[in-house]
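> The following block contains a protein sequence and its predicted model.
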Amino acid sequence: MDRLMIAPSILSADFLDMGHGATLIKESGADWVHVDVMDGHFVPNITMGVPLVKALRPRTDLTIDAHLMVSNPLRQIPWFAGAGADIITFHLEAVTEDEAHEAVRMIHDAGAKAGASIKPKTDVSAIRPFLDELDMVLVMSVEPGFSGQSFIDGSLERIAAVKSMANRIGHDILIQVDGGIGLQNIREVAGAGADCVVCGNAFFKAGDPLSFPARMREAASGK
Ligand code: DX5
Ligand code: ZN
């Protein structure tokens, strides 16, 4: 396995001290800053949006990974790309098949990498028509909407299924997994095929966030 990538979710940082959250992520040796965008419509919660990405961009040289849990990704994609997001992930449940192809085109035209996500109850085959154009598939391991939930049983099989679909088409595609991931289950999640894991609570509530990514990578490799 290549080096496991860790993407702490800034949603679990102190909202009155986001700069500190970004610094912690950088200094911990994590790979990406995951930004959970919720619109109160696609998901019940409302969190953060374009202004946070704009504010983060000059503060970090890490990849900014925007996870759009919104009903109208086509409208918002150009804004997030313009604000400096490097990877933009939309939900397949929010769009038609034609719109999903259009979303990927828009993200690529804006110079960013494109991800598509599926919720836990969405059949993994929904991703198949897009595999050869996507840079990343995000497999949700909790129902999107809140941090701090428990990893849903059955997610490992879904990760493995997406991984084997991706392998079959033979195009380099990252598998990201998001929700309820920490030291207790990283070995199984990585073993099922995750290349990148999102950690909200496990990172920010860890006694020592600065050593968290290294401990995760070690646990993933079974040491
Ligand atoms: C859920 C979000 C996740 C979440 C991760 O809708 O997409 O990124 O904040 O948080 P933890 O790791 O606490 O489950
Ligand atoms: Zn997320």
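Yes, it's here. Ligands and ions are numbered 1, 2, ... in the order given.

> could you give the mean pLDDT of the helix or strand harbouring residue 218?
Applying DSSP states H and E as the criterion places residue 218 in helix 212-220. The average of the pLDDT scores along helix 212-220 is 97.

> Which elements pack onto that helix?
Judged by 3 or more CB pairs under 8 Å, 6 or more residues apart in numbering; DSSP states H and E, helix 212-220 is in contact with strand 5-8, helix 186-192, strand 196-199. Yep, even glycine has a C-beta here, placed from its N, CA and C like the rest.

> Give the buried residues for stretch 177-189.
177, 178, 179, 180, 181, 182, 185, 186, 187, 189 (16 or more other CB atoms under 10 Å).

> wait, doesn't residue 81 sit right on residue 108?
No: using CB atoms under 8 Å, residue 81 makes no contact with residue 108, being 9.8 Å away.

> Show the contacting residues for residue 14.
Contact analysis of residue 14 by CB atoms under 8 Å, 6 or more residues apart in numbering lists 20, 21.

> Tell me how far it lies from ligand 2.
18 Å (CB to the ion, to the nearest Å).

> How about residue 145?
Relative to ligand 2, and taking CB to the ion, residue 145 is found at 10 Å.

> Touching, residue 158 and residue 122? I think so.
No: assessed by CB under 8 Å, residue 158 is found out of contact with residue 122, at 9.2 Å.

> ok, these two, which is more surrounded?
Legend: neighbour count by other CB atoms under 10 Å for residue 158 and residue 122, higher for residue 158 (21 against 16).

> Tell me how far that one lies from ligand 2.
For residue 158, the distance to ligand 2 - CB to the ion - is 16 Å.

> what's the answer for residue 194, then?
14 Å.

> quick one: contacts for that residue?
4, 139, 159, 175, 176, 177.

> and the gap between it and ligand 1?
In this view, residue 194 and ligand 1 are 13 Å apart by CB to the nearest ligand atom, to the nearest Å.

> Which residues of the chain lie near ligand 1?
The chain comes close to ligand 1 at residues 9, 11-12, 34, 36, 67, 142, 144-145, 147-149, 178-181, 198-202, as judged by CB under 6 Å from any ligand atom.

> What subset of the residues you listed is buried?
9, 11-12, 34, 36, 67, 142, 144-145, 147, 178-181, 198-202.

> Give me the subset of the residues you listed lying in strands.
Among those, the subset assigned to strands under DSSP state E consists of 34, 36, 67, 178, 198, 199.

> Just give the closest residue to the second one, not the sequence neighbours.
Once flanking residues are discounted, residue 36 sits nearest to residue 11: 4.2 Å by CB to CB, 6 or more residues apart in numbering.

> if I read this right, that neighbour contacts residue 144, doesn't it?
No: counting by CB under 8 Å, residue 11 does not reach residue 144; the two are 11.1 Å apart.
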